[in-house]
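> got a predicted structure plus its sequence, pasted below:
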Amino acid sequence: MVSIKQQGGSEVPFDTLYHNHHSWLRRWLGAKLGCSHTAADLAHDTYLRILARGTTPMPEQSRRFLTQIAKGLVVDHYRRRRIETAYLETLSLLPETIAPSPEERALTIEALVEIDALLHELPDKPRRAFLMCRLDGQSYQDIAETLSVSVSSVEKYIARALLACHRAISESQP
């Protein structure tokens with residue numbers, strides 16, 4: 001039996017939290033998502049996050065705590081779906097002979113989701129400047145005019161984004 005600490009410091013069997021709220025959480029997620037299978041997956045992921053965290057709230061706060069974690073997972077789910085849809089639409093424009101394998105597609109989608117998460121950790125202007133530069137090929141001067149900042153600020157924004165990318169790559173390598 002797995003026990004985890006409550007915020008007050010006492011230990012509570014994990015299965016108690018799961019047993020008392022799992023059905024409710026699946027129904028709540030099902031209503032939000034309109035898909036019982038995805039709801040089951042996200043409910044499962046919610047409890048995995050709790051296990052990884054190692055703490056739970058006091059019993060009277062359990063549903064609020066579960067809802068907070070599950071809402072974040074729902075946002076991640078929709079973001080991933082949006083990225084996956086855009087990627088697959090782009091692939092549909094390629095000739096079938098050069099289309100990547102299903103495994104390559106899955107790996108690319110995972111990488112795109114990680115890049116998206118990394119970029120969303122940046123403040124708005126550095127993120128926008130980086131995307132305008134790297135995806136749209138805009139000059140620093142054009143970016144500065146669009147964002148109403150100096151070229152020097154754009155340079156700093158791009159450097160900040162590149163540094164974040166470099167850190168992510170360094171952390172992901174063994």
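Yep, it's here. Numbers count the residues shown, from 1 in each chain.
> for residue 40, give me its contacts.
Residues near residue 40 by CB atoms under 8 Å, 6 or more residues apart in numbering: residue 26. Quick note: C-beta positions are derived from backbone N, CA and C, even for glycine.
> name the helix or strand for it, please.
Residue 40 is part of helix 36-53, with elements assigned from DSSP states H and E.
> now that helix: buried residues?
Using 16 or more other CB atoms under 10 Å as the test for burial, helix 36-53 gives 38, 39, 41, 42, 43, 45, 46, 47, 50.
> test my guess that the first one contacts residue 77.
Yes. With the criterion set as CB atoms under 8 Å, residue 38 and residue 77 qualify as a contacting pair; they are 6.8 Å apart.
> close enough to count as contact, residue 49 and residue 69?
Yes. Residue 49 is within contact range of residue 69, at 5.3 Å (criterion: CB under 8 Å).
> from the buried residues of helix 36-53, which shows the smallest pLDDT?
Checked by pLDDT, the buried residues of helix 36-53 have residue 50 as the lowest-scoring entry (88).
> ok, and the closest non-adjacent residue to that one?
Spatial nearest neighbour of residue 50, chain neighbours left out: residue 56 (6.1 Å); criterion: CB to CB, 6 or more residues apart in numbering.
> ok, residues contacting stretch 61-72?
With CB under 8 Å, 6+ apart, stretch 61-72 has contacts from 7, 17, 20-21, 24-25, 28-29, 42-43, 46, 49-50, 56-57.
> one more: stretch 25-35?
Taking CB under 8 Å, 6+ apart as the rule, stretch 25-35 contacts 36, 38, 39, 40, 42, 43, 46, 66, 67, 70, 74, 77.
> now do the buried residues in that stretch.
Result for stretch 25-35 [16+ other CB under 10 Å]: buried residues 25, 26, 28, 29, 30, 32, 33.
> before we move on, back to that, tell me the one of the contacts of stretch 25-35 nearest residue 154?
residue 77 (33.5 Å; CB to CB).
> can you give me the helices for the chain?
14-33, 36-53, 62-92, 102-121, 124-134, 140-147, 151-172 (DSSP state H).
> what does the last one rub up against?
Under the contact criterion CB under 8 Å, 6+ apart, helix 151-172 has outside partners 114-115, 118-119, 121-122, 125-127, 129-130, 133, 140-141, 143-144, 147, 149.
> and those residues, which are buried?
In these, the ones that pass as buried (16+ other CB under 10 Å) are 118-119, 122, 125-127, 129-130, 133, 140, 143-144, 147.
> can I get those in TSV with pLDDT and distance to residue 162?
Formatted as TSV, these follow (pLDDT from 0 to 100; distance: CB to CB, whole Å):
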residue	pLDDT	distance to residue 162
118	86	11
119	88	12
122	92	11
125	95	15
126	94	10
127	93	12
129	96	11
130	94	8
133	94	10
140	96	13
143	96	14
144	96	17
147	96	17
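> many thanks, we can stop here.
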